[in-house]
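Engineer: sequence plus predicted model, see below.
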Amino acid sequence: SVGGIYVRKYAADYPNEVVGIVLVDSSHPDQFVRVPEEQAENDAYLRMSAIFPMLARLGIFRLYFATGGEIDFGDLPPKQHDEVAALWSSPEYFISQRAEAVAGPAIFGEAHTLGGLGTLPMAVVSQGKEPAAYWVELQDELAGLSSNSIHITVVGSTHGSLAIDPKHAGETSGAILRVVEAARTGQLLASR
């Protein structure tokens, strides 16, 4: 989700190298300011995550997955499932995730300086499994960064399933293909 801010920053820094953008259930620069519950959840994660690298070194996460525990990648094929479980069991994963969360205020603050995207083809793909009204509003605002954008809410999807579930990831891939086509042809996304 925070990757959406990184993508926008890259587009701002290298406008001649970016012909389109797809934001997948992306963070919004104001989400923590406008939704105090999001900030409280982030603060709680920061407190808890301080011990996650140690727990990973002790093998707690590996044990969790080895005994059938799942997060949101349970439907992946066995090889890919095991690769994600191995990543999510490593101390390095939690160290980098926590570092990103600690840097969050600066990352979100800088996002306010990025501005709009003009007519750059853009798709915003959002999770659709009981999304909170504020999340829909924030995602709509992101789609408004470009006058050549579409906002797709994938019914029944979660944040993770937009990349992992074959059906939901197919919708994400379809949005990417639409942006590529719009960039190649100059076609407006909303005109289809």
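Structural biologist: Here it is on my side, so go on.
Engineer: do a quick rundown of the strands in the protein.
Structural biologist: Residue ranges of the strands in the chain, as given by DSSP state E, are 21-24, 122-128, 149-155.
Engineer: turn these into a markdown table, including distance to residue 2, mean pLDDT and mean neighbour count.
Structural biologist: C-beta coordinates here come from the backbone N, C-alpha and C atoms, glycine included. Conversion of these to a markdown table gives the following (distance: least, C-beta to C-beta, whole Å; pLDDT from 0 to 100; neighbours: other C-beta atoms under 10 Å):
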| stretch | distance to residue 2 | mean pLDDT | mean neighbour count |
| --- | --- | --- | --- |
| strand 21-24 | 11 | 97 | 23 |
| strand 122-128 | 15 | 96 | 24 |
| strand 149-155 | 19 | 96 | 20 |
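Engineer: out of these, nearest to residue 45?
Structural biologist: strand 122-128 (18.4 Å; C-beta to C-beta).
Engineer: and the angle from that closest one to strand 149-155?
Structural biologist: An angle of 20 degrees separates the directions of strand 122-128 and strand 149-155 when computed by axes from the mean of the first three to the mean of the last three C-alpha atoms, to 10 degrees.
Engineer: could you give the separation of strand 122-128 from the chain centroid?
Structural biologist: Relative to the mean C-alpha coordinate of its chain, strand 122-128 is positioned 10 Å out (C-alpha atoms, centre = their mean, to the nearest Å).
Engineer: ok, stretch 17-25 next?
Structural biologist: Going by C-alpha atoms, centre = their mean, the spacing between the C-alpha centre of stretch 17-25 and its chain's C-alpha centre is 12 Å.
Engineer: and if you look at stretch 72-91?
Structural biologist: Taking the mean C-alpha point of stretch 72-91 and that of its whole chain, the gap between them comes to 18 Å (C-alpha atoms, centre = their mean).
Engineer: any idea how far residue 66 is from residue 54?
Structural biologist: The span separating residue 66 from residue 54 equals 19 Å under the rule C-beta to C-beta, to the nearest Å.
Engineer: ditto for residue 117
Structural biologist: Distance check for residue 117 against residue 54: by C-beta to C-beta, it reads 42 Å.
Engineer: compare the two (neighbour count), which wins?
Structural biologist: Shown here are residue 117 and residue 54; by other C-beta atoms under 10 Å, residue 117 has more neighbours (22 against 11).
Engineer: do you know the pLDDT at the more buried one?
Structural biologist: The predicted structure scores residue 117 at 94 on the pLDDT scale.
Engineer: list the contacts for it?
Structural biologist: By C-beta atoms under 8 Å, 6 or more residues apart in numbering, the residues touching residue 117 are 8, 11, 21, 145, 146, 149.
Engineer: mind doing that once more with 10 Å?
Structural biologist: Applying C-beta atoms under 10 Å, 6 or more residues apart in numbering, we find residue 117 in contact with 8, 11-12, 15, 18, 20-21, 142, 144-149.
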